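Q: Model the following, please.
(one chain, ligands or ions: 1)
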Amino acid sequence: MGFLKVEDLKVHFPIKGGFFGRTLGYVKAVDGVSFNLEKGKTYGLVGESGSGKSTTGRAIIGLNHITDGKIEFEDKEITKIHRAKAEIRKDIQMIFQDPYSSLNPKKRVLDIVAEPLRNFERLSRKEERFKVQELLELVGLSPESILKYPHEFSGGQRQRIGIARAVALKPKLIIADEPVSALDVSVQAQVLNFMKEIQRELDLTYLFISHDLGVIRHMCDHIGIMYKGRFVEEGTANEIFNEPQHIYTKRLIAAIPDIDPNKREELKRFRAEVSTEYEQAYNDYFDEEGLAYGLKPISETHLVALPEKG
Ligand SMILES: Nc1ncnc2c1ncn2[C@@H]1O[C@H](COP(=O)(O)OP(=O)(O)OP(=O)(O)O)[C@@H](O)[C@H]1O
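A: As a prediction, the model looks like this:
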């Protein structure tokens, strides 16, 4: 059975202007993205700011309208938002980037984590309290936390509260949109490792969105590299990191800070190579802003070559 299948997804936002608010054009935030996510795996969407990662995730969960394309979840088409909302709200949950703004500061942890339960399950107060305490324990927080407010926790702990809320309804798929970007580097690894643990424990599948290839490498089995609303390259983590084909992917890999001191020399050589290759490609194919044009969606060819000159 297929788990999540995204086919030629397009999300275009109208640009309004002029006296009458006419549509002047469209921002093609996502412009022909296709990928398959298998159950129990983690698929990473990576790319620079504005490449369309969040819009892809939001479209899957029904928060963005879909201009064109098809999304199937467990072999059922969920492309139409009104249908998607009712059917998948329980099964697909989202974890957001900023644990400071995604948790309501005026609510206690009990009410924050219980919110999805209140929408879908009829529990007595006692049952609800017990369930929330169980969820907090699962994410490594004390049961007494239920009476506290978000500001009483550290960034990492707040993200754990967000995770407790996201898993409250036993979802099948979690879309994690930059879940550790707002956290200190020292806390990032802890939260990522915890997300892996809980993935095994609860049989979760992740769509993992990040601009940080280092984080993506740590988490993902499969990776799609996004650029201006399209995939420039897609493959297993092994393929992407060991045999990157596209110059844009190589450039992103070369920009990962080197953490392994044994590989410094190797990385230095790789960076020098990429820098020469990129400069060449830039001169040949990129426009004035340094933006590539004419990239084809990955569904047409496995690897998208840079466009022919002229
Ligand atoms: N609601 C919207 N209306 C108009 N344009 C939008 C809307 N949402 C996103 N965009 C535009 O779509 C493009 C892709 O945005 P998106 O947030 O998906 O990128 P991203 O890769 O997730 O980057 P970031 O990490 O900065 O969020 C951007 O040019 C953005 O300005």
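Q: what stretches of the stretch 1-150 of the chain score poorly on pLDDT?
A: The model of the stretch 1-150 of the chain has pLDDT under 70 over residues 81-88, 99.
Q: Please identify the residues of it in proximity to the ligand?
A: Listed as neighbours of the ligand in the stretch 1-150 of the chain under the rule Cβ under 6 Å from any ligand atom: 13, 27, 29, 47, 49-55. Placement of C-beta: from N, CA and C, glycine included.
Q: try 8 Å
A: Counting by Cβ under 8 Å from any ligand atom, the stretch 1-150 of the chain comes close to the ligand at 11, 13-15, 27, 29-30, 45, 47-58, 64.
Q: What subset of those is buried?
A: The neighbour-count test (16 or more other Cβ atoms under 10 Å) marks 11, 29-30, 45, 47, 51-58, 64 as buried among these.
Q: Nearest to Ala272 among those residues?
A: Gly47 (23.8 Å; Cβ to Cβ).
Q: What sits closest to that closest one if chain neighbours are left out?
A: Closest residue to Gly47 apart from its sequence neighbours, by Cβ to Cβ, 6 or more residues apart in numbering: Met226 at 3.4 Å.
Q: so which strand or helix has the residue nearest to His246 when sequence neighbours are not counted?
A: Closest residue in space to His246, ignoring its immediate chain neighbours: Glu233 at 4.3 Å, by Cβ to Cβ, 6+ apart. Using DSSP states H and E, Glu233 maps to strand 230-236.
Q: For the residue nearest to Gly47, give the beta-bridge partners.
A: Met226 has these beta-bridge partners by DSSP bridges: Phe231.
Q: you'd agree it is up against Gly50?
A: No: at 9.7 Å, Met226 does not count as touching Gly50 under the criterion of Cβ atoms under 8 Å.
Q: List the buried residues of stretch 62-75.
A: 62, 64, 66-67, 69, 71-74.
Q: Name the residues that touch stretch 148-164?
A: 95-96, 99-100, 102-109, 112-113, 132, 135-136, 138-141, 145, 179-180, 182-184, 187, 190-191, 194-195, 198 (Cβ atoms under 8 Å, 6 or more residues apart in numbering).
Q: In PyMOL, how would I select just the buried ones from the residues you listed?
A: Buried residues among the contacts of stretch 148-164 (16+ other Cβ under 10 Å), as a PyMOL selection:
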select buried, resi 95+96+99+102+103+108+109+112+113+132+135+136+138+139+141+145+179+180+182+183+187+190+191+194+195+198
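Q: Among the contacts of stretch 148-164, which lie within helices?
A: 109, 112-113, 132, 135-136, 138, 187, 190-191, 194-195, 198 (DSSP state H).
Q: Need the max-distance pair from those.
A: Checking the ones in helices among the contacts of stretch 148-164 with Cβ to Cβ, the most distant pair is Val132 and Val187, at 23.2 Å.
Q: Noted, bye for now.
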